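Colleague: sequence and predicted structure are below.
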Amino acid sequence: MKTFAMVAAGLMVVSYSVVGQPVKNEEKSGTLENGTVYSIEFSSHRGAALNYAVALRSDCDGVVESAIAYSTLLRLVAQDLDMGRIQKILVDLSENGRTHAIRYKAYLALAVFENPAKFQNAAKRMYENGDEFFGEVATQVHKTLLGHNLK
């Protein structure tokens, strides 16, 4: 069974830039929970965000779900990037998405977009797939909600 790091896979997609934008090489490195050290060179977060915005409007549910996961990971690793356009699309998907899975994943993604600092640990793990990633996000949302109710 192949295991992949969603962080690495998501950032690989950003390896090309949008036409007319200068390529700005950046590097992201760190250590995953299992001790794996990674270093990823990538360029143009803006290009990735634009590509994800297009993918979020796809007619294929799997593409939409994948774009929700990757745009959420991008939000975690590039918190200073303006992702307002994607956030608006996620609001629409959380209310009007074609499937329950799309609406739920968009809802979870919005929780990350609103407070990425609370979800930093989710970006440091390896996941078998996007559903496992969203399981981690859902667990954190659940803990946060319970914590607020206990006060």
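Modeller: Cool, the structure landed.
Colleague: quick check: chain neighbours aside, which residue is closest to residue 66?
Modeller: Among residues not flanking residue 66 along the chain, residue 130 sits closest, at 6.1 Å (CB to CB, 6 or more residues apart in numbering). Just so you know, the C-beta spots here come from the backbone N, C-alpha and C atoms, and that holds for glycine as well.
Colleague: and for that neighbour, the neighbour number?
Modeller: Residue 130 has 21 neighbouring residues, counting by other CB atoms under 10 Å.
Colleague: quick one: it from residue 144, how far?
Modeller: Here the distance between residue 130 and residue 144 works out to 21 Å (CB to CB, to the nearest Å).
Colleague: elements contacting the helix ranked longest in the chain?
Modeller: Scanning the chain for the helix with the most residues, using DSSP state H, yields helix 130-150. The contact analysis (3 or more CB pairs under 8 Å, 6 or more residues apart in numbering; DSSP states H and E) places helix 130-150 against helix 61-77, helix 100-114.
Colleague: for it, list every residue counted as buried.
Modeller: For helix 130-150, burial by neighbour count (16 or more other CB atoms under 10 Å) applies to 130, 133-134, 136-138, 140-141.
Colleague: re the thing from before, contact partners for the residue nearest to residue 66?
Modeller: The contact partners of residue 130, by CB atoms under 8 Å, 6 or more residues apart in numbering, come to 6, 65-66, 68-69, 105.
Colleague: out of those, which is most surrounded?
Modeller: Of the contacts of residue 130, with other CB under 10 Å as the count, residue 68 tops at 31 neighbours.
Colleague: let me know whether it touches residue 102 as I believe.
Modeller: Yes - with contact defined as CB atoms under 8 Å, residue 68 counts as touching residue 102 (7.3 Å).
Colleague: overlap in contacts, these two.
Modeller: Common contacts of residue 68 and residue 102 (CB under 8 Å, 6+ apart): residue 93.
Colleague: for residue 87, which non-adjacent residue is closest in space?
Modeller: Excluding its sequence neighbours, the residue lying closest to residue 87 (CB to CB, 6+ apart) is residue 113, at 5.1 Å.
Colleague: ok, that neighbour - how many residues close by?
Modeller: The tally of other residues near residue 113 (other CB under 10 Å) stands at 21.
Colleague: any low-confidence regions in the protein?
Modeller: Scanning the chain for pLDDT under 70 picks out 1-44, 148-151.
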